[in-house]
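# mind folding the following:
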Amino acid sequence: MPYSTALFDLDGTLTDPFEGITRSIQFALEKMGAFVPAAEDLHWCIGPPLWESFRVLLETENQEQLDQAVAFYRERFTVTGLYENNLIKGIPELLERLCDAGVTLHVCTSKPHAYAGKIVEHFGLMPYFGKVYGSELDGTRSAKSELIAHILQEEGAVAAQTVMIGDRKHDLLGANANGVAGIGVLWGYGSREELSAEQPVLIAQAPDEIARHPNGFALAEA
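Numbering: from 1, shown residues only. Predicted coordinates:
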């Protein structure tokens, strides 16, 4: 049965946020007086909740320190980093095809929805999506398993007819936890090995491969 609802991750899936995220992490670490890695060594921070990344970078479980690091990150990100971002080639065409086929689309990101909505609007993608779902500023529902469960309940979506599309294992783990199909994408920040381990129904190298998925979307060839 074709999917009637598709959930899209944001960072690394719809857009490439590398510059904005890594520079904002570096800014926060400098403010914290911590070691500041080179940007290319921070690829792994794109996707997981911020608190998880700073837990590793600061080597601490101290919640006050983690909250302070996140606050410093947002100090830069909300003003500048938000827009240091690039739209993935082929994404608008994919979204248009899915919408034309009657598939309901929502954004499902660990990023706070207040920021995610601005990014989606900035790139002119809002008309394709029913709603932009993200975490709260305090980190509530930053785990994909919790966020997907929340979306299914809010939208009354059937898990068996829903697919989660993302570039990191967190997207696929969240899908598996909710009985939702997962599609991994290779243009983001997860490797094929990382994605394959979570048994997605498809690993796509380009957006148009998702539209051609034989057991997923019943779309006519463009």
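
# for residue 87, see how far away residue 94 is.
Here the distance between residue 94 and residue 87 works out to 12 Å (CB to CB, to the nearest Å). Bear in mind the C-beta positions are built from the backbone N, C-alpha and C, glycine included.

# tell me where this structure has strands.
In the chain, the strands defined using DSSP state E lie at 5-8, 15-16, 86-87, 104-112, 131-135, 162-166, 181-185, 202-204.

# would you mind splitting the chain into its domains for me?
Using automatic domain parsing, the domain ranges for the chain come out as 5-16+85-211, 18-83.

# out of residue 94 and residue 87, which sits in the busier spot?
Neighbours of residue 94 and residue 87, each counted by other CB atoms under 10 Å, are more numerous for residue 94; the result is 25 against 15.

# tally of neighbours for the residue nearest to that one when sequence neighbours are not counted?
Setting aside the residues directly before and after it, residue 94 is nearest to residue 207 in space (CB to CB, 6 or more residues apart in numbering), at 4.1 Å. Other residues near residue 207 come to 21 when the count uses other CB under 10 Å.

# mind checking how far residue 207 is from residue 98?
In terms of CB to CB, residue 207 sits 10 Å off from residue 98.

# re the thing from before, adding mean pLDDT, write the domains of the chain out as a markdown table.
Shown next, in a markdown table, are those (pLDDT from 0 to 100):
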| stretch | mean pLDDT |
| --- | --- |
| domain 5-16+85-211 | 95 |
| domain 18-83 | 95 |
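
# any idea which of those domains is most buried?
domain 5-16+85-211 (a mean of 19; mean count of other CB atoms under 10 Å).

# can you give me the end-to-end distance of it?
13 Å (CA to CA, to the nearest Å).

# and that domain, how far out from the chain's middle?
In terms of CA atoms, centre = their mean, to the nearest Å, the centre of domain 5-16+85-211 is found 6 Å from the chain centre.

# now do the contacts for the most far-flung residue of the chain relative to its centre.
No residue in the chain sits farther from the centre than residue 33, which is 28.9 Å out by CA atoms, centre = their mean. Contacts for residue 33 (CB atoms under 8 Å, 6 or more residues apart in numbering) come out as none.
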